[in-house]
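Turn this into a structure:
(one chain, ligands or ions: 2)
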Amino acid sequence: MEYLRLRGIGASPGISIGEVLLTERVIFSSRKDGISPGQLDTEIARLEKAIERTRRQLTDIKDKVREKIGEEHSFIFDAHLLILKDSSLFASLKKIITEEKTRAEWAISQIHEQYMSKFESIADEYFRERKFDVSDVLSRVYKNLEPVEQEKTHDDKEKILVGHDLLPSEAALRLSQENVLAVALDMGGQTSHTAILARSLNIPAVVGLRNITKRVKNGDILIVDGTDGEVLINPPPAIEKEFISKRQRYENYRKELRKTAKLKSLTLDGERFYPMANIEMPEEVKPAFSLGAEGIGLYRSEFIYLRSTSLPSEEEHYHAYYRCAKEAHPAHVYIRTMDIGGEKNLPQLKIEKEPNPALGLRGIRFSLHEKALLRVQLRAILRASVLKNVRILIPMITEYEEIKEVKILFQEVKEELKSQKVKFDTHIPLGVMIEVPAAATITDVLVREVDYLSIGTNDLIQYYLAVDRSNELVSYLFKPLHPSILRILKFIIETSQAAGKEITVCGEMAADPLSALVLLGFGLRKFSMNPIFIPRIKEVLRSVEFKPIQRIVRKAMQLKSAQEIEEYIIERVLVKYPKAFLMGQIN
Ligand code: PEP
Ligand code: MG
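Ligands and ions are numbered 1, 2, ... in the order given. Next up is the predicted model:
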C-alpha cells in the first residue's frame, strides 16, 4: 500500500484516522441494450417502479435530514421531489424506451446527456448550476432500476468519506449519519456548503484535494488533518503515532477552550462584558455557545440565499431564524437583513454587474430596491421573534432617509401580520449597522431613530481608509488602529452611550486582542466575532482592569500613527498585565 501525503484546504479543524469510504458516483451506461416489443410494458413498469422507489427514498431522506440536522437542510429534497414529479421528464424517458426499443438505463443516460448539454448553454449561472440537482435525481432513479444489486450491506463502522464533490443534498444526508469520521474531497473551498456543514457538526474536513478520489480505494487508511489541511494515505505506523498524539494535543486544546467558555465574562476589576458570535448558519449556534458566546451578535442572513436552490421562501427564512432564536434562547439573536450586492453576488437574484460594486447597490440599498424580498425577510424575522429574543439589524445604512423608509416598511409588515393574527414580538428592537463613514459621522442623528447600533468595522475601515478589504496589494493599509479609525470609533461608542442606546462591534476588530482592549477602553461591552476567537478575547479581557486600560487608550489616542499606538499599548499593557496576550500567542 502506497504512502502519500496530499495538501488541500483545511475546511473544518480536527484530526481523524480511519478507513476510506468512497462515495459512489453513478456511471451512466453507454450501451444501448435493445428489447423486444413484447418487453416494452415490463420495461416501462420497471422505470415506474424505480421512480416510485426514488420518491420514497427522497421522502425518507428528507425526514431523516430534517430530524438530524434541521429543516433548512431538508428543503433541497423538496426540489428533488419536484423534479421527479415532472411529467415531461417521465414522458421523454418513456418515449425513448418505446421508440428506440431500449432498456430504461439507456433512456436515462440519453436524457441525462440532453439535460446536461441544455443546462450548459444557459447563460444564467444560477440556472446552469441546477443541472446538479437534475443529475442527482436521475442518478438515483438509475440506481433504483437495479436496487438489489446496488444495495450493498453497508457496515456501520465509522469511515472517512472521500468523494469528488458533495452535492448539498448528499452533504446533508451523509454528514447527518453518525458514522462519518471525516471528509476529504477533490473539490470545494472554505465556504462550500460541505465545509460549513462539517464545521458546524464538528467533523474534520479537507477539501480542494484535486484528485484524492483517484488515489485511494475503499478500505485504505487515511489521516485527515482538517487543522492543517492535509490528508495522509496509508501512513506508516510512526507517522500514524505522530498524528495520534497531535490529535490528543488538539483535543486538550479544545478542552482548554471549553474551560475558558465557562468562566465569567468579567474584567479583573469586575466590569461585565459580553462575547457574542457572528454566524452564517443556524447550526453554528450551539457550537458558538459552547465556546462561550453569550448571544448571536450577527447572523449574516444572506447565507440563506447561498444554500437554497431558488429564491428562499418565507418558510425557509422563518425556519432558519426560528431555529437560531430557539437554540440561543434566552440569549439574543441579532438577525441582519441580507447584505447582498457588491461582491456578494447571488446568482438567483440576477444582480447586474456594477462597475464599482463596493460603492454600489449593496446591503439596505439593494433591499430597498427589491422591497418584495425585504418584506419576505421582515415577515419571517418577525414571526421568529415570538420568544422575544430576536433583534433586527440593517446593513450599510448611509443616511437618515433609509432608516425612515425601512421603518415605514417595517410598520406595514407588522400591520399585515397583525391583521392575519400572526404572533410576533411587538417590541422587537430595530438597529442599524454603522459601516459607512457618512453614517458614522451622523451617529448622533441616526441613534435617535433606532433601538441600538452595531459597528461593522470590516466595512467601516475599508470605506474610511479607502482600502479594499480583499485586495492583497493594499492590505498593508488596512489598519484598525489608524488614529482616524480610533477617533471615529470613540465618537460612535460614546455618542450612542450618551443617547442611552446599546452599542456592539461586530467586525473582525472585536476578535483582535489589541483592538478589543482599545474598544473596551472606549467603553464597549458587546463584542461579536467569529466564535472560534471568543475564548481568546475572553482571556484577554479577563486579564485586565477596565480603568487602567481606559487610561492607556486615552494616552494612545494622542499618538500619530497605528504603529506608535500599537507599540505603546502593547508595552503598557504587558508591563501591567503580563498574562494578557498569552492565549493570543498560543493561537
Ligand atoms: C462588517 O462590515 O464589519 C461586518 C460585520 O459585516 P460583513 O463582514 O458581513 O460585511
Ligand atoms: Mg459589512
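
Leu166 touches Ile76, doesn't it?
No. Contact criterion CB atoms under 8 Å: Leu166 and Ile76 do not qualify, at 11.9 Å. No exception for glycine: its C-beta is placed from N, CA and C like everyone else's.

I'd like to know which elements the strand or helix carrying Ile552 is packed against.
Per DSSP states H and E: Ile552 is located in helix 546-556. Here helix 546-556 touches helix 513-521, helix 562-576, going by 3 or more CB pairs under 8 Å, 6 or more residues apart in numbering; DSSP states H and E.

Could you chop this protein up by domain?
Here the domain parsing of the chain from automatic domain parsing is 4-22+152-236, 37-143, 269-584.

Quick check: which of those is nearest to ligand 1?
The minimum distance between ligand 1 and the domains of the chain falls on domain 269-584, with 2.9 Å, by CB to the nearest ligand atom.

I'd like the mean pLDDT over that closest one, please.
What domain 269-584 shows for mean pLDDT is 93.

did I read that right, Leu453 in a helix?
No. Assigned with DSSP: H, G, I helix; E, B strand; the rest coil, Leu453 falls outside any helix and is strand.

Quick check: it vs Val445, distance?
In this view, Leu453 and Val445 are 12 Å apart by CB to CB, to the nearest Å.

Looking at these two, which one has more neighbours?
Shown here are Leu453 and Val445; by other CB atoms under 10 Å, Leu453 has more neighbours (26 against 13).

Now do the same contact list for the most centrally placed residue in the chain.
The residue lying closest to the centre of the chain (CA atoms, centre = their mean) is Glu280, at 3.8 Å. Contact partners of Glu280, counting by CB atoms under 8 Å, 6 or more residues apart in numbering, are Ile196, Tyr299, Arg300, Phe303.

pretty sure the first one is touching Ile279, no?
No. With contact defined as CB under 8 Å, Ile196 and Ile279 do not form a contacting pair (10.2 Å).

Mind checking which of the two has more residues around it?
Using other CB under 10 Å as the criterion, Ile196 and Ile279 rank with Ile279 on top: 25 against 22.

residues touching that one, list them.
Val285, Ala288, Ile296, Leu298, Tyr299, Arg300, Cys324, Pro531.

Out of those, list just those in strands.
Taking DSSP state E, the ones among these that sit in strands are Ile296, Leu298, Tyr299, Arg300.

Using ChimeraX, define a selection of the buried residues within these.
In ChimeraX, this line selects whichever of these come out buried by 16 or more other CB atoms under 10 Å:
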select :296,298,299,300
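
Can you spell out which helices and strands pack onto the longest helix along the chain?
Secondary structure assigned by DSSP state H gives helix 40-69 as the longest helix of the chain. Contact here means 3+ CB pairs under 8 Å, 6+ apart; on that basis helix 40-69 packs against helix 71-85, helix 87-100, helix 104-120, helix 131-143, helix 168-175.

if we compare those, which one ends up closest to Gly10?
Nearest to Gly10 among those is helix 168-175 (16.8 Å), distances taken as CB to CB.

ok, then the element right after that closest one?
Using DSSP H and E, the helix or strand that follows helix 168-175 towards the C-terminus is strand 180-185.
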